[in-house]
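1. From the sequence below, what's the structure:
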Amino acid sequence: MIEAYEQGTAPAFELYALGLKHKHVPEIMAYTGLTRRPLFVPAVGNFKQGMLVQVPLHLDLLPGQPSAQDLHNALARMSWESASPLMGSSANVSLTGSKFSLAEVQDSLKDGCDIVLDYGPSPYANPYAIGSTIIELPSWRVLRWGGCFEQQAALVLRHFGVALPARPAHGPLSLV
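-> Numbers count the residues shown, from 1 in each chain. The predicted structure follows:
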């Protein structure tokens, strides 16, 4: 597979390990404490990092019928408790600004989805009209000052001992 990408003969996008027996599954289970095999579905492609990894949740193991906000809150709590950064993607085309409601999300993105759920406006809408903070690791360089940057900077200082630069008073809030 690697040779095909190095030679330029590989497909633009390719799922693999579809037999759900990827060599990293035991490692994932050991480090996370999972007692049930995860649905680990890696993919490679001709894009910047070269790999996408998905580990869907077993929804039948979650109590009740959690909403997207319930899942988000649980992930945020686990990130907070473990003092580990939480990373994720956003529902917008790069460099087109943050979206705080489903109506603002580009049709081209929605058209690529099997199902689209509207849970109403984001509770993270803010006066800066900007979403997440982007911090380059391991340098801790701020690439975008997000809506909750001041609270995030305080957490980074408390948990990691790193003082991030203040939000710019003028000019762009994003370097990317």
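2. The helix or strand of the chain with the lowest mean pLDDT: what's the following helix or strand?
-> None of the helices or strands of the chain scores lower by mean pLDDT, DSSP states H and E than strand 51-54, at a mean of 75. Using DSSP states H and E, the next helix or strand after strand 51-54 towards the C-terminus is helix 68-82.
3. Toward the C-terminus, what is the element adjacent to that next one?
-> Next along the chain after helix 68-82, taking DSSP H and E as the criterion, comes helix 107-111.
4. buried residues in that following helix?
-> For helix 107-111, the neighbour count (16 or more other Cβ atoms under 10 Å) marks no residue as buried. Any C-beta I mention is one placed from the backbone N, CA and C, and that applies to glycine too.
5. How many residues are close by the closest residue to Pro42 other than its chain neighbours?
-> Leaving aside its chain neighbours, Pro42 sits nearest to Val53 (5.0 Å; criterion: Cβ to Cβ, 6 or more residues apart in numbering). Residues lying near Val53 (other Cβ atoms under 10 Å) number 12.
6. just His24 next, same as before
-> His24, neighbours per other Cβ under 10 Å, totals 13.
7. Pull the distance from stretch 96-105 to the chain's centre.
-> Put simply, stretch 96-105 sits 16 Å off its chain's centre (Cα atoms, centre = their mean, to the nearest Å).
8. So for that stretch, mean pLDDT?
-> Taken as a whole, stretch 96-105 has a mean pLDDT of 80.
9. got a list of contacts for that stretch?
-> With Cβ atoms under 8 Å, 6 or more residues apart in numbering as the test, stretch 96-105 has contacts from 90-92, 106, 110, 116, 118, 120-122, 124-125, 129-132, 147.
10. related to what we said a few turns ago, would you list the strands that the least confident helix or strand of the chain pairs with, along with their directions?
-> strand 41-45 (antiparallel) (DSSP bridges).
11. If you count neighbours, what's buried in the strand it pairs with?
-> Neighbour-count burial for strand 41-45 [16+ other Cβ under 10 Å]: 41-42, 44-45.
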